[in-house]
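Asks: build me a structure from this.
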Amino acid sequence: LRKNEQKAPEFLRLNPYGKVPVLEDEEIVIYESTIINEYLEDEYPSPNLMPEDSAGRARVRMLEDYGDNIFLPQTGLVLSELA
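Replies: Next up, the predicted model:
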């Protein structure tokens, strides 16, 4: 990330937003961590990535939301100060 390899044309063909992670699974390319997690759960159901109960799945989704909307933006600020 520090070398900005995610902004290279080869990577931008995989994810036009230039962000990580990106998953390549045979013919399909998926980006955005939440979508990757959902794809893996659907495509490879064993072992489960998500809890079986709806309350447990909701907790996982809330943690993912926290990571996307609170943790990552603040982490980006800290990393920009360190660069």
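Asks: show me where this structure has strands.
Replies: Using DSSP state E, the strands assigned to the chain run over residues 22-25, 28-31.
Asks: quick one: strands adjacent to the last one?
Replies: Which is strand 28-31. Here strand 28-31 is paired, per DSSP bridges, with strand 22-25 (antiparallel).
Asks: show me what counts as buried in the strand it pairs with.
Replies: 22, 23 (16 or more other C-beta atoms under 10 Å). Placement of C-beta: from N, CA and C, glycine included.
Asks: and it, average pLDDT?
Replies: Across strand 22-25, pLDDT averages out at 97.
Asks: C-alpha coordinates for it, PDB please?
Replies: Presented in PDB, the C-alpha positions along strand 22-25 are these (Å, rounded to 0.1, in the frame of the first residue of the first chain):
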ATOM      1  CA  VAL A  22      -9.500  -7.900  -4.000                       C
ATOM      2  CA  LEU A  23     -10.400 -11.600  -4.400                       C
ATOM      3  CA  GLU A  24      -9.800 -13.500  -7.600                       C
ATOM      4  CA  ASP A  25     -11.600 -16.800  -7.600                       C
END
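Asks: what residues does it touch?
Replies: The contact list for strand 22-25, computed with C-beta atoms under 8 Å, 6 or more residues apart in numbering, reads 11, 14, 15, 29, 30, 31, 36, 39, 40, 43.
Asks: distance to residue 64 added to the strands of the chain, as a markdown table?
Replies: Shown next, in a markdown table, are these (distance: least, C-beta to C-beta, whole Å):
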| stretch | distance to residue 64 |
| --- | --- |
| strand 22-25 | 15 |
| strand 28-31 | 15 |
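Asks: out of those strands, the one nearest residue 58 is which?
Replies: Residue 58 lies closest to strand 28-31 among the strands of the chain, at 22.6 Å (C-beta to C-beta).
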